[in-house]
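**Student:** Compute the structure for the input listed below.
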Amino acid sequence: MKLSVLTLVRHRREHLINLMKSLDAQTQAPDELVIAWMQPAPERDLPATRFPVRHVMVEGDVLPLAKARNAAVAAARFEALVFLDVDCIASPRLVERYGAALRSRAALYLGEVHYLPADAVRLNEAGALDLGRLAALGERHPARPAIAENATISEADHGQLWGLSFALLKEDHHRAGGMDEGYIGYGGEETDYAWRLAKAKVPLYWIGGALAWHQHHPLYAPPWQHFDAIIANARRFHARWGRWCMEYWLGQFRDAGAIDWTPDSPRIDVRRQPSDADIAAARLPDSARYC
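**Tutor:** Coordinates of the predicted model:
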């Protein structure tokens, strides 16, 4: 079974270069990398790799995340799919572990992601990533389990899907209906996808050894810059599933007086738009690795 790694990019050149270097250093190289570009043109002068790199262009001024993921799947030549966020650096066994899992059983697999501080990424004298440094500095998110290196653990809650790193078969992606491209911009599309996969009876597992390190970037809590998209996507999710997603962000918007909403509400009423001051105040210090 051959394997395609899929990633989405909008103006993350250095992060993408590190991702590509980490894939080139795998114990088992992917059979291709598909890059879905959510920007006017691909980056130039990317690293050479021992596997083919293919490009697909995705239009959309607001982040077309669902559309880009579907486009990457459509462009993928192989049945086994690994979705890896452009902010991630793959540990050496990530492709090997995901590939072995998919060969043993068709399912949705989640690997661990450890978060890096700012300025964590270094190259050695040979120009390769200093993986020992990343292993020492990476921090597991407290809401996620620690998985033994060769363990596979069943997970009953598909809501645990976190789109930074996961794998499944193309057939299961299509059987679940793919991602709903009606979700435009930030938020909601991954949770909707998780529930689609659950409805299609695609089992979910955590898998050890498929570790990725998340490269640092500026964080905002709440993400006021995505306010309109979060509200629209939360409404879309509720209309389909009869429950809310992104409740953490909705609660923060409510507490700031921007919306009227509770978890039991059938609707969200917008009271005001975020200001530039709201966005500036929400910027977390560089010491923050995750929200």
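**Student:** all strands in the stretch 101-250 of the chain, in order from the N-terminus.
**Tutor:** Using DSSP state E, counting those that start in this stretch, the strands of the stretch 101-250 of the chain run over 108-115, 139-140, 152-154, 165-169, 204-214.
**Student:** what's the closest of those strands to G99?
**Tutor:** Nearest to G99, of all those, is strand 165-169, at 8.2 Å by Cβ to Cβ. In short, each C-beta sits where N, CA and C put it, glycine included.
**Student:** what's the distance between the residue nearest to D180 when sequence neighbours are not counted and I17?
**Tutor:** Spatially, and ignoring its direct neighbours in sequence, D180 is nearest to D192 (5.5 Å; Cβ to Cβ, 6 or more residues apart in numbering). For D192, the distance to I17 equals 31 Å [Cβ to Cβ, to the nearest Å].
**Student:** what's the answer for L65, then?
**Tutor:** Applying Cβ to Cβ to L65 and I17 gives a distance of 21 Å.
**Student:** returning to what we had before: what's the closest of the strands of the stretch 101-250 of the chain to L81?
**Tutor:** strand 165-169 (6.0 Å).
**Student:** who does the closest one touch, helix- and strand-wise?
**Tutor:** Under the contact criterion of 3 or more Cβ pairs under 8 Å, 6 or more residues apart in numbering; DSSP states H and E, strand 165-169 touches strand 80-84, helix 94-104, strand 108-115, strand 204-214.
**Student:** partners of the last one in the sheet?
**Tutor:** In other words, strand 204-214. Paired neighbours of strand 204-214 in the sheet (DSSP bridges): strand 88-90 (antiparallel), strand 108-115 (parallel), strand 152-154 (antiparallel).
**Student:** which of those strands is buried the deepest?
**Tutor:** By mean neighbour count, with neighbours taken as mean count of other Cβ atoms under 10 Å, strand 88-90 ranks first of the strands paired with strand 204-214 at a mean of 27.
**Student:** Give me the residues contacting that strand.
**Tutor:** 18-19, 22-23, 26, 84, 113, 121, 129, 134, 164-165, 212-215 (Cβ atoms under 8 Å, 6 or more residues apart in numbering).
**Student:** of all those residues, which comes closest to Q39?
**Tutor:** Nearest to Q39 among the contacts of strand 88-90, with distances taken as Cβ to Cβ, is L19, at 15.8 Å.
**Student:** Quick check: which element contains the closest one?
**Tutor:** Element membership of L19, judged by DSSP states H and E, is helix 13-24.
**Student:** In terms of secondary structure, what does the lengthiest helix in the chain contact?
**Tutor:** What stands out as the longest helix in the chain, according to DSSP state H, is helix 227-241. When contacts are defined as 3+ Cβ pairs under 8 Å, 6+ apart, helix 227-241 sits against helix 189-199, helix 247-255.
**Student:** show me where pLDDT drops low in the stretch 151-291 of the chain?
**Tutor:** Within the stretch 151-291 of the chain, no stretch has pLDDT under 70.
**Student:** For A126, give me the pLDDT.
**Tutor:** On the pLDDT scale, A126 is placed at 83.
**Student:** contacting residues for it?
**Tutor:** Contacts of A126 (Cβ under 8 Å, 6+ apart): none.
**Student:** Quick check: phi and psi at it.
**Tutor:** Dihedral angles of A126 (phi, psi; degrees, to the nearest 10) stand at phi -90, psi 0.
**Student:** okay, stretch 219-239 in CSV with CA atoms only?
**Tutor:** Below are the C-alpha coordinates for stretch 219-239, written out as CSV (Å, rounded to 0.1, in the frame of the first residue of the first chain):
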residue,chain,number,x,y,z
LEU,A,219,-1.5,32.7,19.0
TYR,A,220,-4.6,34.6,19.8
ALA,A,221,-7.2,33.7,22.5
PRO,A,222,-9.9,34.2,21.6
PRO,A,223,-9.2,34.3,17.8
TRP,A,224,-11.0,37.5,17.1
GLN,A,225,-9.5,37.7,13.7
HIS,A,226,-11.6,34.7,12.7
PHE,A,227,-14.8,36.0,14.5
ASP,A,228,-17.2,36.0,11.5
ALA,A,229,-16.0,32.6,10.2
ILE,A,230,-16.3,31.0,13.7
ILE,A,231,-19.9,32.3,14.1
ALA,A,232,-21.0,31.2,10.6
ASN,A,233,-19.3,27.8,10.9
ALA,A,234,-20.7,27.2,14.4
ARG,A,235,-24.2,28.0,13.0
ARG,A,236,-23.7,25.5,10.1
PHE,A,237,-22.5,22.8,12.5
HIS,A,238,-25.5,23.3,14.8
ALA,A,239,-28.0,23.2,11.9
